[in-house]
Structures are given as C-alpha cells and as structure tokens.
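Student: Pasted the sequence and its predicted model underneath.
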Amino acid sequence: MSLFSSIAVSASGMAAERTRAELLVENMANSETTRTPDGGPYRRKDAVFSSQQVTTPFSAMFQTEMDATATGVAVSDIVIDQRDPEKRYMPGHPDADKDGYVSLPRINPEEDMVDLVDTSRNYEANVSAISAVKDMIQRSIDLLS
C-alpha cells in the first residue's frame, strides 16, 4: 500500500466517524422529542460501517502496474430503531394518550455520550495516522533533495 493510499484509508475513516458523530448528536438532541413530522416519537438512528475499496487519483495511474487496492471504511446504512417507544406516565403532557402515558424515544443519553467519546477518539486516531504519513512523505522529499 502506498503512502497516498494510507491517507485515503484514514480519510474514509474520518468521514465515517463524522457521520456517526452527527447521528449520535441528533439522537441526544431528540432524546425527549415526543412528536415528529412522521408522527410519534423520535426514532434512534445508528450508522452501520462496512469496508470499501479506496482509490486515490495518484494510485489510479499505477493501478495496473501495482494491482494493489486499499480497503477503507464507509457508512453502508443508517438503521432506525423500530422498537416500541418507552411509555412514561405524564398526564399533563400535550402528547399524552387517554391513560396519561407519553411515548418517548428509546434513547440512553449516557450510552450515546460514551459512543460519542469513542467516535471522537477514532477520529483523532485517523488524524494522527494522516499526520504520520504526511511526515513520512516530507522526510522522503527532504532525503531526495
């Protein structure tokens, strides 16, 4: 794998983690949303990652000679939680049913916060990998000059 392919792999990881972070923040922001335009409470969303082939313009020129491909990561799907909503007794709430129960999203803010920290660390790891590759490229250029 070339140094440029390594950058592309890390960049794909950063893009996937950014999408995951956006979904986690959306989940936490809507943890008490009882009414959506679709009707009913907000539904939790999760990103599903899968591997994908990563190519860069530089490596595309040498693809036939090198015959090497790098595998990165991408968000292949966004899964919406289909479980029944959590019922909480709140008789004065405008969205309460006839028995006084309100349907709330099944979201655990603490769990999403831990996932967000994990996402942040994964993103930082990809930034560090790109920085290391950039330093290797710079040192190679310095040696050649």
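Tutor: Right, received. Where do you want to start? This structure is a prediction, so every number in the text was calculated from the model and none was measured.
Student: From now on I want contacts and neighbour counts done on CA atoms only, so please keep to that.
Tutor: Will do.
Student: Near residue 23, how many residues? Count them for me, please.
Tutor: 19 (other Cα atoms under 10 Å).
Student: Which element, helix or strand, includes residue 39?
Tutor: Here residue 39 sits in a region with no helix or strand, counting by DSSP states H and E.
Student: ugh, typo on my part, it should be residue 82
Tutor: For residue 82, there is no host helix or strand (DSSP H and E).
Student: likewise residue 36?
Tutor: Applying DSSP H and E, one finds residue 36 in no helix or strand.
Student: cool, and the one 5 residues further on?
Tutor: Mapping residue 41 onto the secondary structure by DSSP H and E places it in no helix or strand at all.
Student: Could I get the contacting residues of it?
Tutor: Listed by Cα atoms under 8 Å, 6 or more residues apart in numbering, the contact partners of residue 41 are 33, 34, 35, 85, 103, 104, 105.
Student: distance of it from residue 18?
Tutor: 25 Å (Cα to Cα, to the nearest Å).
Student: Buried among the contacts of residue 41? Make that a ChimeraX selection.
Tutor: The following ChimeraX line selects those of these that are buried, judged by 16 or more other Cα atoms under 10 Å:
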select :33,34,85,103,104,105
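Student: Out of the contacts of residue 41, which sit inside helices?
Tutor: Counting by DSSP state H, no part of the contacts of residue 41 is found in helices.
Student: so the residue nearest the centre of the chain, which of the three states?
Tutor: Closest to where the C-alpha atoms of the chain average out (Cα atoms, centre = their mean) is residue 20, at 1.9 Å. Secondary structure assignment for residue 20 (DSSP: H, G, I helix; E, B strand; the rest coil): helix.
Student: In contact with the residue lying closest to it once chain neighbours are set aside, which residues?
Tutor: Distances taken as Cα to Cα, 6 or more residues apart in numbering place residue 47 nearest to residue 20, at 5.7 Å, with adjacent residues excluded. By Cα under 8 Å, 6+ apart, the contact list for residue 47 reads 19, 20, 23, 75, 76, 77, 78, 79.
Student: Residue 47 should be in a strand, yeah?
Tutor: Yes. Residue 47 sits within a strand when classified using three-state DSSP.
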